[in-house]
Every structure is written in structure tokens, then in C-alpha cells.
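In: Mind looking at a prediction? Sequence and model below.
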Amino acid sequence: MTVDRDSEPLRPHAVYAGRIAPVTCGACGCRLEAVGPESDSAWFHFGRLGGRDARGHVVACIDAAHDIEGHTAIAA
């Protein structure tokens, strides 16, 4: 018997070419991270700080919430 020591629940990931991949922004390709409860999480740019992403690039959707497909929410 094995014991699962991973105390954090698994977050959804995208599937690309039959492999599990991180969720990425549909506009710029940056990696996104889930924020909030798993059942209702929003996705934001990973490592965002001072209006820049983890690579130091300035992107228009840096502070916008994304869905699990990497698209920003459109205000109606």
C-alpha cells in the first residue's frame, strides 16, 4: 500500500497533444495559476508583479481573470 503525501488537491490542467500541460493564456501564451476554491477558481498570470509576468514582459491581460481555457472574461 502506498500513501499519498500530496496534501494539496490536484488542480485542473489543459490537455495538449494527448499530454497534460499547464493552463496558459490564450492571448500571449503565459502560464496561468488557479486562484480561489477548486470549484470556482479564476486563472491569473503566474508570477505577476508590478504589471509584468514571470518573464518580465508587460502584457495587456496581466491582471485580468481568465477561464480554464485561458480566455479573459468579457464584460457584457
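Out: Happy to help now that I have it.
In: Mind jotting down where the helices sit in this structure?
Out: Along the chain, counting by DSSP state H, no stretch forms helices.
In: Mind listing the residues bridging to the spatially most central residue of the chain?
Out: Central residue of the chain (Cα atoms, centre = their mean): residue 32, 2.4 Å from the mean position. Residue 32 forms beta bridges with residue 45, as assigned by DSSP bridges.
In: And residue 63, how far from residue 20?
Out: Taking Cβ to Cβ, to the nearest Å as the criterion, residue 63 is separated from residue 20 by 27 Å. C-beta here means a position set from N, CA and C on the backbone, and glycine is covered the same way.
In: Residue 33 touches residue 43, doesn't it?
Out: Yes - using Cβ atoms under 8 Å, residue 33 and residue 43 qualify as a contacting pair, with a distance of 6.8 Å.
In: Those two: which has the busier surroundings?
Out: When residue 33 and residue 43 are compared on other Cβ atoms under 10 Å, the one with more neighbours turns out to be residue 43, at 25 against 16.
In: and that one, how far is that from residue 56?
Out: Taking Cβ to Cβ as the criterion, residue 43 is separated from residue 56 by 20 Å.
In: do residue 31 as well
Out: For residue 31 relative to residue 56 (Cβ to Cβ), the value is 14 Å.
In: Ranking helices and strands of the protein by mean pLDDT, which lands last?
Out: Lowest mean confidence among the helices and strands of the chain (mean pLDDT, DSSP states H and E): strand 14-16, at a mean of 62.
In: okay, now the nearest residue to residue 34 once chain neighbours are set aside: neighbour count?
Out: With Cβ to Cβ, 6 or more residues apart in numbering as the criterion, residue 34 has its nearest non-adjacent residue at 4.1 Å, and that residue is residue 41. Residue neighbour count, defined by other Cβ under 10 Å, stands at 16 for residue 41.
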